[in-house]
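In: from the sequence below, what's the structure:
(2 chains)
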Amino acid sequence: MRELVRTVRRYLTWGDYMLIALVLLGASATIPLLHKNAEASGRWAIVRVDGQIVHQLPLAKDQEVTVIGPAGETVIQVQGGRVRVLRSPGAQEICMRQGWIHKPGQALICLPNRVTIEIPGDSGIDAISR
Amino acid sequence: MTPYTRSTLPEVWLLKRILFAALLALGIVLYVLEGFFPPLVPVPGAKLGLSNILVLFTMLFLGSGAGIFLAVARSILGSFIAGTLLAPGALLGLAGGLVSALVVAFSLKRLRPPLGLVGISILGAIAHNITQLAVAYMLFVQIQGLLYYLPILFVLGLISGLITGLIAVYLFERLGPELGLS
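Out: Now for the predicted structure:
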């Protein structure tokens, strides 16, 4: 083992070490940045009114969207890879109190206004039957 | 084998042809054999690239032109034998192999004092991975998510280049004096 280490070290020049350090540094510097984006990218929130898809919102893009349902306006906010309902008509305000969702398979449902917001899941039965 | 130096003797010319043929045959065998094994890491296109040892080797012994030719011929003939010539992966392998060979040829000429053979091998492996990703992105899947493989491919290139580079130096050290070209 010691023999092997000695041989390996003899084979490497200082330039090689520099290159290895540079690559590791560069890769590790970009990982957290990319990881954050990777979670949100490629994922969408599907907004339906009365079962009809009206919006497909990419979670990577921060925005606010207003949809009109039978009971009035529902305001949907996308921020930092998460989505929530800002305002929606309805006495119980259930969908607003659900707060943020961000995981595949999660959904927000504003029943009075017939609005649903779903992040399509890529795990479980859907993936198998696909 | 008697040591020889650069000369125009017909025997030397013949020897070089034979050596090239043997190296190409070895490269194809390694290329095909490697395809039989399941990927070591669950990242598409990630493999050790053992046949790149032969590319580096050919460049050292027979010149960069021969090495580039070997890289291209190995990809085409290798995927022909493996039966994947018309699969998308073959095109990726060909593009990656070609760019990687060009990078290695350049660094052998220009970057060799600071870098050793291992460093050059790492550069080649990384170039191979990045080219594959770029070609895959341009031709097949325009998903941004593909770019998130980039840091992974850098590190995988580092590892595979390190391993193949060490093997190449070992071989070169053993066979170089034998062939009169150290």
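In: how about the nearest residue to residue B:165, chain neighbours excluded?
Out: residue B:121 (3.0 Å; CB to CB, 6 or more residues apart in numbering or on different chains). Glycine gets a C-beta too; all of them are placed from N, C-alpha and C.
In: okay, now the domains of chain A?
Out: A:2-40, A:44-129 (automatic domain parsing).
In: now do the shortest one: distance to the chain's middle.
Out: Think domain A:2-40. 29 Å (CA atoms, centre = their mean, to the nearest Å).
In: what about the residue nearest to residue B:165, neighbour count?
Out: Counted with other CB atoms under 10 Å in any protein chain shown, residues neighbouring residue B:121 total 31.
In: what's the pLDDT at it?
Out: Note for residue B:121: predicted pLDDT of 93.
In: again with residue B:74
Out: At residue B:74, pLDDT is 92.
In: now what about stretch A:2-10, what contacts it?
Out: B:166, B:170 (CB atoms under 8 Å, 6 or more residues apart in numbering or on different chains).
In: still on that earlier bit, save the domains of chain A as JSON lines, and put in mean pLDDT and mean neighbour count too.
Out: Formatted as JSON lines, the domains of chain A follow (pLDDT from 0 to 100; neighbours: other CB atoms under 10 Å in any protein chain shown):
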{"stretch": "domain A:2-40", "mean pLDDT": "79", "mean neighbour count": "14"}
{"stretch": "domain A:44-129", "mean pLDDT": "80", "mean neighbour count": "16"}
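In: how about the residues of chain B near chain A?
Out: When proximity is defined as CB under 8 Å from any CB of the partner chain, chain B approaches chain A at B:111, B:113-119, B:122-123, B:126, B:143-145, B:147-148, B:150-152, B:154-155, B:157-158, B:162, B:165-166, B:169-170.
In: between the domains of chain A, which one is closest to residue B:93.
Out: Checking the domains of chain A against residue B:93 by CB to CB gives domain A:2-40 as the closest, at 22.1 Å.
In: residue ranges of the helices in chain B, please?
Out: Secondary structure of chain B (DSSP state H): helices located at B:10-36, B:51-62, B:64-82, B:88-110, B:117-139, B:150-175.
In: and residue A:45, which of those is closest to it?
Out: Closest among these, once you apply CB to CB, is helix B:117-139, at 25.3 Å.
In: next, the angle from the helix ranked longest in chain A to helix B:117-139.
Out: When chain A is scanned for its longest helix (criterion: DSSP H), the result is helix A:14-40. Going by axes from the mean of the first three to the mean of the last three CA atoms, to 10 degrees, helix A:14-40 is angled at 30 degrees with respect to helix B:117-139.
In: what's around residue B:136, how many residues?
Out: Neighbours of residue B:136 (other CB under 10 Å): 22.
In: picking up where we left off before, and the gap between the residue nearest to residue B:165 and residue A:98?
Out: According to CB to CB, to the nearest Å, residue B:121 and residue A:98 sit 54 Å apart.
In: kindly report the same for residue A:31.
Out: 32 Å.
In: cool, and residue B:177?
Out: Distance from residue B:177 to residue A:98, by CB to CB: 74 Å.
In: got the contact list for residue A:50?
Out: A:69-70, A:114.
In: quick one: the longest helix of chain A to helix B:150-175, angle?
Out: Using the same axes, to 10 degrees: helix A:14-40 against helix B:150-175 is 150 degrees.
In: which other helices and strands contact the helix or strand following helix A:14-40?
Out: Tracing the chain past helix A:14-40, the next element assigned as helix or strand by DSSP states H and E is strand A:44-49. Packing partners of strand A:44-49 (3 or more CB pairs under 8 Å, 6 or more residues apart in numbering or on different chains; DSSP states H and E): strand A:52-58, strand A:63-69, strand A:72-79, strand A:115-118.
In: can you list contacts of strand A:44-49?
Out: A:53-59, A:65, A:67-69, A:76, A:78, A:83, A:113-120.
In: per-residue confidence at residue B:181?
Out: Reported pLDDT for residue B:181: 56.
In: who's in contact with the most centrally placed residue in chain B?
Out: Centroid-nearest residue in chain B, with CA atoms, centre = their mean: residue B:52, separated by 2.4 Å. Counting by CB under 8 Å, 6+ apart, residue B:52 makes contact with B:71, B:97, B:100, B:104, B:121, B:124-125, B:128, B:164.
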